[in-house]
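K.L.:
sequence and predicted model, in that order:
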Amino acid sequence: MTWSDFADAYSAVVRESVRVLADDRFSTWVVGEVRGSTGRLRGLVPLTIAAHEAAGARFYNDSILLNSLGTAPMRLPNQWRASRKVGRVHQYVLTFVKGDPKRATQAITGGGAE
């Protein structure tokens, strides 16, 4: 699948997920950046944000999820010397809100926002 075809299909999935999400609710997506065949980053994180915004869910929070290092410390020196690519040992946690964030918070907590 080409990146353009993927971006269109991915955006359609995001659009449908926002459509079925109740008003005044949060949606959180965990994504990692991806590389194309030339080794350059594709921009999955900005695509995810743009697709949600276009579908009517506003970018609300972001954070980083650290993955286990596993074998990364052993692999990274050679990878860095060969290509100047850093090892990716994290993912992006992107939260969006459809509607009012205060009411979305109340729906989660069962009462007033704290």
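P.N.:
That came through fine.
K.L.:
hey, let's count contacts and neighbours off CA atoms from now on
P.N.:
OK.
K.L.:
buried by neighbour count: which residues of the helix ranked longest in the chain qualify?
P.N.:
Counting residues, the longest helix found in the chain (DSSP state H) is helix 3-20. Within helix 3-20, the residues that qualify as buried by neighbour count (16 or more other CA atoms under 10 Å) are A7, Y10, S11, V14, R15, V18.
K.L.:
how many neighbours does the closest residue to P101 other than its chain neighbours have?
P.N.:
Distance criterion CA to CA, 6 or more residues apart in numbering; nearest residue to P101, sequence neighbours excluded, is D24 at 6.4 Å. Counted with other CA atoms under 10 Å, the burial measure for D24 works out to 17 neighbours.
K.L.:
right, and D24 touches Q106 too?
P.N.:
No. Using CA atoms under 8 Å, D24 makes no contact with Q106, being 9.1 Å away.
K.L.:
how about the closest residue in space to A55 that isn't next to it in sequence, what does it touch?
P.N.:
Using CA to CA, 6+ apart and skipping the chain neighbours, the partner closest in space to A55 is R15 (5.1 Å). Neighbouring residues of R15 by CA atoms under 8 Å, 6 or more residues apart in numbering: A51, H52, A54, A55.
K.L.:
what lines up beside the one helix or strand T95 maps to in the sheet?
P.N.:
Secondary structure from DSSP states H and E places T95 in strand 90-98. As defined by DSSP bridges, the strand partners of strand 90-98 come to strand 25-31 (antiparallel), strand 58-66 (antiparallel).
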